[in-house]
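Asker: have a look; sequence and predicted model below, questions after that.
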Amino acid sequence: MEEKEAQGVVKPVPFFQEKRILTIAAIVLAADQLTKQTVVHTIDTTEQVVLIEGFLKLVNWHNTGAAWSQFQGKSLHLAIISFIALGALIHYRHHFEIQTKTGKAAMGMLIGGIIGNLIDRVAYQHVVDFIRFYLHQRGGGEIGYPAFNIADMGICAGVGLMFVLAWREQSAKEQ
């Protein structure tokens, strides 16, 4: 046994041997692509399906930008940035807390979400967003949260978990 392994420091494994990360990434990616294909084939871009009146509906919106429709029309640029970010995330994954189950889950959600939206950007030059929370206004009309998809949920949950892990690690160092 190597001296580092005897001290509890485990050598990093190649990315394709990270079974938990790959499994979670595959689940997020499959759920994302399946739901997007279902929406594309069942809801026209001019339609909406209300699931909970005044709160939740399904739409078929094509987003050529990023979060909250920023950088509209820059889908190719965003695809390139996503590809670079994905490569950096995989390459530097050991700088994150991926030795824990939570860290592996966070990394898997991030990777699956990035790949899900990257596939859309390359294949369709837009991302399919379909989950929309909204509220009716008293004077008419509605206000709502921008539409999003399963990939976005994976990215947000993964980033959120990474922040929690980093905060916990920092708190432990300060004690």
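Answerer: That came in fine, so what should we check first?
Asker: just say helix, strand or coil for L135.
Answerer: Taken by DSSP: H, G, I helix; E, B strand; the rest coil, the conformation at L135 corresponds to strand.
Asker: now it: how far from I143?
Answerer: Distance, L135 to I143, by C-beta to C-beta, to the nearest Å: 6 Å. Just so you know, the C-beta spots here come from the backbone N, C-alpha and C atoms, and that holds for glycine as well.
Asker: E53 now?
Answerer: From E53 to I143 the distance is 15 Å (C-beta to C-beta).
Asker: the nearest residue to L78 once chain neighbours are set aside - how many residues pack around it?
Answerer: Of all residues not flanking L78 in the chain, A66 sits nearest, at 5.6 Å (C-beta to C-beta, 6 or more residues apart in numbering). Counted with other C-beta atoms under 10 Å, the neighbours of A66 add up to 17.
Asker: quick one: the strands in the chain, in order.
Answerer: According to DSSP state E, the chain carries its strands in the segments 48-52, 56-63, 127-136, 142-144.
Asker: centre of the chain to stretch 104-112, how far?
Answerer: 8 Å (C-alpha atoms, centre = their mean, to the nearest Å).
Asker: cool, and stretch 159-168?
Answerer: Distance, stretch centre to chain centre, for stretch 159-168: 15 Å (C-alpha atoms, centre = their mean).
Asker: give me the contact list for it.
Answerer: Stretch 159-168 has contacts (C-beta atoms under 8 Å, 6 or more residues apart in numbering) with F96, E97, T100, T102, G103, A105, A106, M107, M109, L110.
Asker: so which bits of it are buried?
Answerer: Within stretch 159-168, the residues scored as buried using 16 or more other C-beta atoms under 10 Å are L161, M162, L165.
Asker: mean confidence score for it?
Answerer: Mean pLDDT, computed over stretch 159-168, is 92.
Asker: then it to PDB, C-alphas only?
Answerer: Taking Å, rounded to 0.1, in the frame of the first residue of the first chain, the C-alpha atoms of stretch 159-168 are listed here in PDB:
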ATOM      1  CA  VAL A 159     -24.200  24.100  -7.800                       C
ATOM      2  CA  GLY A 160     -26.200  24.400  -4.700                       C
ATOM      3  CA  LEU A 161     -24.800  21.200  -3.200                       C
ATOM      4  CA  MET A 162     -21.300  22.300  -4.100                       C
ATOM      5  CA  PHE A 163     -21.900  25.600  -2.200                       C
ATOM      6  CA  VAL A 164     -23.200  23.700   0.800                       C
ATOM      7  CA  LEU A 165     -20.200  21.300   0.700                       C
ATOM      8  CA  ALA A 166     -17.700  24.200   0.400                       C
ATOM      9  CA  TRP A 167     -19.400  26.100   3.200                       C
ATOM     10  CA  ARG A 168     -19.300  23.000   5.500                       C
END
